[in-house]
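Visitor: Give the three-dimensional model of this entry:
(one chain, ligands or ions: 1)
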Amino acid sequence: FREEENTLRELRIFLRQICAKLARNKQFYMFSKPVDVEEVPDYLSVIKEPMDLETMMTKIDHHKYTCAQDFLNDIDLMCANALEYNPDRNPADKQIRHRACYLQDTAYALIKAEMDSDFEDNCRKIRDDR
Ligand SMILES: O=C(C1CCC1)N1C[C@@H]2C[C@H]3C[C@@H](O)[C@@H](O)[C@]2(C1)O3
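Guide: Predicted coordinates for the structure are as follows:
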């Protein structure tokens, strides 16, 4: 229905703003584009479903998200991938894991702060009825 399409359009506009804000944060640069598998040849043998902010921006445009939680599920995936691929106690891995957790908490906090919960409830109803 027209009302549902209006709601999903508003969701896409909101998610683009959130995604852009995360992508322009210098601390999250390592999450802004897909891991370069030329540079990291074993990445795809370890991580079954890569995810990054540029890919998420494309998924918004392809209408892949029907509620904010779907978007946050990809944030969770991106974070889990980073923890899984960079588990060691060395400083580089530790910084990546810290940044992954910081990105995840920032995304949840931004959405909670800027999204009306009734709006998200409406989006979830649209998702669940499809
Ligand atoms: O997991 C990641 C990204 C961090 C969040 C996603 N990478 C795997 C490689 C290991 C480490 C050092 C570089 O080799 C660089 O290529 C990567 C990128 O960081």
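
Visitor: how far away is the residue nearest the centre of the chain from Met51?
Guide: Centroid-nearest residue in the chain, with C-alpha atoms, centre = their mean: Ile75, separated by 3.1 Å. Plainly put, Ile75 is 8 Å away from Met51 if you go by C-beta to C-beta, to the nearest Å. Just so you know, the C-beta spots here come from the backbone N, C-alpha and C atoms, and that holds for glycine as well.

Visitor: Next up, identify which helix or strand the residue nearest to the centre of the chain is on.
Guide: Using DSSP states H and E, Ile75 sits within helix 68-85.

Visitor: Export only the CA atoms of that helix, formatted as PDB.
Guide: Extracted in PDB, the C-alpha atoms of helix 68-85 (Å, rounded to 0.1, in the frame of the first residue of the first chain):
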ATOM      1  CA  ALA A  68      16.100  -0.400  11.600                       C
ATOM      2  CA  GLN A  69      16.700  -3.800  13.200                       C
ATOM      3  CA  ASP A  70      17.500  -5.400   9.800                       C
ATOM      4  CA  PHE A  71      20.200  -2.600   9.400                       C
ATOM      5  CA  LEU A  72      21.500  -3.200  12.900                       C
ATOM      6  CA  ASN A  73      21.700  -7.000  12.100                       C
ATOM      7  CA  ASP A  74      24.300  -6.100   9.400                       C
ATOM      8  CA  ILE A  75      26.100  -3.800  11.900                       C
ATOM      9  CA  ASP A  76      26.200  -6.900  14.300                       C
ATOM     10  CA  LEU A  77      27.600  -9.100  11.400                       C
ATOM     11  CA  MET A  78      30.300  -6.500  10.500                       C
ATOM     12  CA  CYS A  79      31.300  -6.400  14.200                       C
ATOM     13  CA  ALA A  80      31.300 -10.200  14.700                       C
ATOM     14  CA  ASN A  81      33.400 -10.600  11.500                       C
ATOM     15  CA  ALA A  82      36.000  -8.200  12.900                       C
ATOM     16  CA  LEU A  83      36.200  -9.900  16.300                       C
ATOM     17  CA  GLU A  84      36.400 -13.300  14.500                       C
ATOM     18  CA  TYR A  85      39.100 -12.400  12.000                       C
END
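
Visitor: Sweet, I'm off.
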